[in-house]
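Participant: Structure for the following, please:
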Amino acid sequence: MTRSLVLSMLLALLPATATAQQPTIAERYQPIAREIIAAALGDSSAYNRLGAMVDWFGPRLSGSDALEHAITWMESEMRRTGLQNVHTEPVMVPHWVRGEESAELMAPRRRRLPMLGLGGSVGTPAGGITAKVLVVSSFDDLQAHAAAARGRIVVFDVPFTSYGATVQYRVNGAVAAARAGAVASLVRSVTPYSLATPHTGNMHYNDSVPKIPHAAITVEDAEMLARMQARGDTAIVHLTMHAKTLPDAPSRNVMGELVGTERPDEVVVLGGHTDSWDVGQGAMDDGGGVVVAWEAVALLKRMGLRPRRTIRVVGWVNEENGERGAEAYHERHHDELSRTVLAIESDAGVFRPEGFGFTGSDSAFAIVRQIGRLLEPIGAGVIARGGGGADVAPLGADGVPMMGLNVDGSHYFWYHHSDADTMDKLDPREMAMCVATMAVMAYIVADLPDPLPR
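Facilitator: This next block holds a predicted model:
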């Protein structure tokens, strides 16, 4: 008897599972992924729900009645869509109020300057501030001309390079200008493209220097003031801001679940933030993000799909000017973080999805990349290193793997934190694709036999 024949006979006696190659994650879940994608793309629920929310409640700044009414509506709608364990959890949030505000060029000619006070800024004296302008192109430029800044309104005319780099002038500009003796500061809006649209956002003070009013003006006007200064004109601006910070106000994180069948105490968390700035409608940032996550879970519920683990959708509050919702969630759910398998955030707009950024172990990265292959038919299969978001960052700091939904962000900062963040900037099919992307990833990770390795 030949050796090959003996080997064949021995192999025939082994269980079939010992000789057959186990299917990959992508092979095992391909049919269900196709079903989820088809169901999501055949439905406009996310777009319609977001439209209702932003049209009815508008922008939703922390501390506002609009935010609280929107949260109450979300809680009711989550129950209506069949999610389980729907509830809210209390959070105390900052309460900054913009008030009346204006900026006007007084010389060399009179012209209204569209502007938006930056979140957390102090107001001007009752009669406003009138002062000559000093335009600078960087913090180093300000330091080089610090003697000329005293008693002036400093204007930071810094072109957009990347959000992380350019936003430093919005966040820290008031401190730098005050340190040089300025009476107020204005920042060129943090955007690569403008149609005379100012962009707001958060800013910080430092107790070591006086708190001076800080606001954003348009790209066009910042460049105009820079040209005036370059040709030797003396630009004078009158700034009025009635901004004030009130005592912290009560708010809530809102959440609902699709409870797992076998390991309900293990959780996949996904969501976005319900609050927005007080301009536009907060449709893109981040009403769309939280609604897409919510609809992903509602879609699985409608399809009758229940994974092994629980999937929890969370609408965090106060991401824009304090991140108190993220902190409160982390503290309240700290004891279950060892059983939180993955935290996914959508806060980059809900345009055409490209995939996810992932922060976690190499072995977990290999697994989610396999899942990503199932999203290639809709162009959302790229799983890149590095991902998460402000609301899941506290969970990531305690070892929870994190993901952030990556989308085509080519126009995101055109509308970001401005009156242009409105419903018309979004597309129903692209939102449905985002729903499909979130639902496939959340479902498969929640259904795997073993949790993602840390």
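Participant: Sketch out the low-pLDDT regions of the stretch 51-200 of the chain for me.
Facilitator: Across the stretch 51-200 of the chain, nothing is flagged by pLDDT under 70.
Participant: which residues in it form strands?
Facilitator: Using DSSP state E, counting those that start in this stretch, the strands assigned to the stretch 51-200 of the chain run over residues 84-97, 101-107, 111-112, 115-117, 129-136, 153-156, 184-188.
Participant: which stretch of helix or strand covers the closest residue to residue 373 other than its chain neighbours?
Facilitator: With Cβ to Cβ, 6 or more residues apart in numbering as the criterion, residue 373 has its nearest non-adjacent residue at 4.6 Å, and that residue is residue 26. Quick note: C-beta positions are derived from backbone N, CA and C, even for glycine. Counting by DSSP states H and E, the element that carries residue 26 is helix 25-41.
Participant: Who are the packing partners of that helix?
Facilitator: helix 288-302, helix 362-373, helix 428-447 (3 or more Cβ pairs under 8 Å, 6 or more residues apart in numbering; DSSP states H and E).
Participant: most packed of those helices?
Facilitator: Here the criterion is mean neighbour count by mean count of other Cβ atoms under 10 Å, and of these the winner is helix 288-302, at a mean of 27.
Participant: Would you give the sheet partners of the next helix or strand after it, along with the direction of each?
Facilitator: Tracing the chain past helix 288-302, the next element assigned as helix or strand by DSSP H and E is strand 309-316. Strand pairing for strand 309-316, determined by DSSP bridges: strand 244-258 (antiparallel), strand 263-273 (parallel).
Participant: Give me the distance between the residue positioned nearest the centre of the chain and residue 315.
Facilitator: Taking Cα atoms, centre = their mean as the criterion, residue 347 is the residue nearest the geometric centre of the chain, at 2.6 Å. Remark: distance between residue 347 and residue 315 (Cβ to Cβ, to the nearest Å) = 12 Å.
Participant: Next: residue 90.
Facilitator: Counting by Cβ to Cβ - residue 90 and residue 315 are separated by 14 Å.
Participant: Check what contacts the helix holding residue 26 and list those residues.
Facilitator: Contacts to helix 25-41, defined as Cβ atoms under 8 Å, 6 or more residues apart in numbering, come from residues 296, 299-300, 302-303, 305, 367, 370-371, 373-375, 377-378, 429, 432-433, 435-436, 439-440, 443-444, 447-448.
Participant: Wait, residue 370 touches residue 364, no?
Facilitator: No - with contacts counted by Cβ atoms under 8 Å, residue 370 stays clear of residue 364, the gap being 10.9 Å.
Participant: shared neighbours of the two, anything?
Facilitator: Counting by Cβ under 8 Å, 6+ apart, nothing touches both residue 370 and residue 364.
Participant: which neighbours do residue 347 and residue 315 share?
Facilitator: 272, 273.
Participant: And this protein, split by domain according to the record?
Facilitator: What the record gives for the chain is the domain set 25-96+247-447, 99-242, from automatic domain parsing.
Participant: how far does the longest one stretch from start to finish?
Facilitator: Counting by Cα to Cα, to the nearest Å, you get 11 Å between the two ends of domain 25-96+247-447.
Participant: One more: stretch 124-140?
Facilitator: In stretch 124-140, first residue to last residue: 26 Å (Cα to Cα).
Participant: Tell me the spacing between the residue nearest to the centre of the chain and residue 75.
Facilitator: Distance of residue 347 to residue 75, computed by Cβ to Cβ: 21 Å.
Participant: Surely residue 248 touches residue 92?
Facilitator: Yes - using Cβ under 8 Å, residue 248 makes contact with residue 92 at a distance of 4.5 Å.
Participant: In this structure residue 333 contacts residue 343, no?
Facilitator: No - using Cβ under 8 Å, residue 333 is not in contact with residue 343, being 10.4 Å away.
Participant: Who has more neighbours out of those two?
Facilitator: Taking neighbours as other Cβ atoms under 10 Å, residue 333 and residue 343 compare with residue 343 leading, 28 against 20.
Participant: Report the contact partners of the more buried one.
Facilitator: If you count contacts by Cβ under 8 Å, 6+ apart, then residue 343 has 268, 269, 270, 388, 392, 395, 396, 400, 401, 402, 403 around it.
Participant: beta partners of the third one?
Facilitator: The reference is to residue 270. Residue 270 forms beta bridges with residue 313, residue 344, as assigned by DSSP bridges.
Participant: Let me see the contact set for it.
Facilitator: Residue 270 is in contact with 293, 296-297, 311-314, 343-346, 438, 442, counting by Cβ under 8 Å, 6+ apart.
Participant: quick one: average confidence on stretch 409-418?
Facilitator: Averaged across stretch 409-418, pLDDT comes to 98.
Participant: gap between the two ends of it?
Facilitator: Terminal-residue distance, stretch 409-418 (Cα to Cα): 16 Å.
Participant: again, but for stretch 400-416
Facilitator: Taking Cα to Cα, stretch 400-416 runs 29 Å from one end to the other.
Participant: How about stretch 301-319?
Facilitator: Note: stretch 301-319 ends 28 Å apart using Cα to Cα.
Participant: list the buried ones in it?
Facilitator: Within stretch 301-319, the residues that qualify as buried are 301, 305-319, counting by 16 or more other Cβ atoms under 10 Å.
Participant: How about stretch 316-334?
Facilitator: Going by 16+ other Cβ under 10 Å, stretch 316-334 has these buried residues: 316-330, 333.
Participant: picking up where we left off before, for the strands paired with strand 309-316, could you give me a markdown table that also reports distance to residue 44 and mean pLDDT?
Facilitator: Output for the strands paired with strand 309-316, formatted as a markdown table (distance: least, Cβ to Cβ, whole Å; pLDDT from 0 to 100):
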| stretch | distance to residue 44 | mean pLDDT |
| --- | --- | --- |
| strand 244-258 | 21 | 98 |
| strand 263-273 | 19 | 98 |
